[in-house]
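Q: Using only what follows, build the 3D model:
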Amino acid sequence: MAVGIIVCGAAGRMGRTLINLVTQSSELTLVGAVEAAGLASVGRDVGESAGLGTLHVPIVDSLEKVIRPDAVTLDFTNSAAAVAHLRTAVKHAAPIVIGSTGYTQPEQAELDRLAPQTRAVVAPNMSVGINVLLQLVRMAARTLGADFDPEIVEIHHKTKIDAPSGTALQLGRAVASALGRDFEKSAVFGRQGITGQRNPNEIGMMTLRGGDAVGDHTVIFAGLGERLELTHRAQSRDCLARGALRAATWLINQPVGRYSMADVLGLK
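A: Next up, the predicted model:
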């Protein structure tokens, strides 16, 4: 039986990508589409919005109108909307996959409280490749140890509103955990002026923004006489969407709990 999918942010770039992929799959079926109230796309058929012709699924302005416990909601919107959608998912005991980033501290605290109350996959990056990179980064950090200086560089399109990316922060925390460091105390977000010699406990975080770059992340371990660089490049948003749909098909059969992409991929 095909898994029902509800897409939040249905008229956005990621929403349209998700809808295209769902319609190409025999294992998935689109049962709902949601956009922010007041947008011109609300009320239109989501297929027309995505350039696919009529799909007989109207875009509505509230997840409340379409959510159901036997369908998985996919959220690639913004931090405030994602938390609101999670509240709705908890209320209806419905599964949800959240790929939104950029949470404020109160939003993050609410997300952390609510996510275990339903079936939820929460990940700043749904790409399968990125989640394999996280495992490789942990292994490299543990093996190389304190003799190698970790630096993280990321670039995204010029319209991205949060920096560093949620993925870069996740990579930084993976390095810190593997080295037994406190990320909040070790992270250095850019450098300028006479900074003095690099502190051996630093984890450098460098953010680049420009053009239409989907997202590149590089973790550098710089040692004496050698340097290891681990890089993931997203060539299109399809990799994020495909990972999210993989998470959805996995989540529908799981018990209540908060999960990560490592759980989905069996990397733990």
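Q: Give the buried residues for stretch 60-70.
A: For stretch 60-70, burial by neighbour count (16 or more other Cβ atoms under 10 Å) applies to 60, 63, 66-67. In short, each C-beta sits where N, CA and C put it, glycine included.
Q: hang on, isn't residue 160 packed against residue 208?
A: No. The criterion here is Cβ atoms under 8 Å, and residue 160 misses it with residue 208 at 10.5 Å.
Q: In terms of neighbours, single out the busier of the two.
A: residue 160 (16 against 12; other Cβ atoms under 10 Å).
Q: Which pLDDT value goes with the more buried one?
A: For residue 160, the pLDDT comes out at 92.
Q: isn't there a helix covering it?
A: No. According to DSSP: H, G, I helix; E, B strand; the rest coil, residue 160 belongs to no helix; its state is coil.
Q: measure it to residue 225 for me?
A: 36 Å (Cβ to Cβ, to the nearest Å).
Q: again, but for residue 31
A: From residue 31 over to residue 225 (counting by Cβ to Cβ), the distance is 57 Å.
Q: next one: residue 202
A: 20 Å.
Q: low-scoring stretches of this structure, by residue?
A: Across the chain, no stretch falls below the confidence threshold (pLDDT under 70).
Q: Please save the CA atoms from stretch 27-42 in CSV.
A: Extracted C-alpha coordinates of stretch 27-42, given in CSV (Å, rounded to 0.1, in the frame of the first residue of the first chain):
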residue,chain,number,x,y,z
GLU,A,27,5.3,3.5,-3.3
LEU,A,28,4.0,7.0,-2.4
THR,A,29,0.9,9.0,-3.0
LEU,A,30,0.3,12.7,-2.5
VAL,A,31,-2.7,13.3,-0.1
GLY,A,32,-2.1,16.9,1.0
ALA,A,33,-0.4,20.2,0.3
VAL,A,34,0.0,23.2,2.6
GLU,A,35,1.2,26.8,2.1
ALA,A,36,1.2,29.9,4.3
ALA,A,37,-2.1,31.7,4.5
GLY,A,38,-2.3,34.6,2.1
LEU,A,39,-0.1,33.3,-0.6
ALA,A,40,-1.4,33.3,-4.1
SER,A,41,-0.9,29.5,-4.5
VAL,A,42,-3.4,28.7,-1.7
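Q: And that stretch, how far out from the chain middle?
A: Relative to its chain's centre, stretch 27-42 lies at 19 Å (Cα atoms, centre = their mean, to the nearest Å).
Q: Determine the three-state secondary structure at the residue nearest to residue 64 when sequence neighbours are not counted.
A: Nearest residue to residue 64 in three dimensions, chain neighbours excluded: residue 88, at 5.9 Å (Cβ to Cβ, 6 or more residues apart in numbering). For residue 88, the secondary-structure state derived from three-state DSSP is helix.
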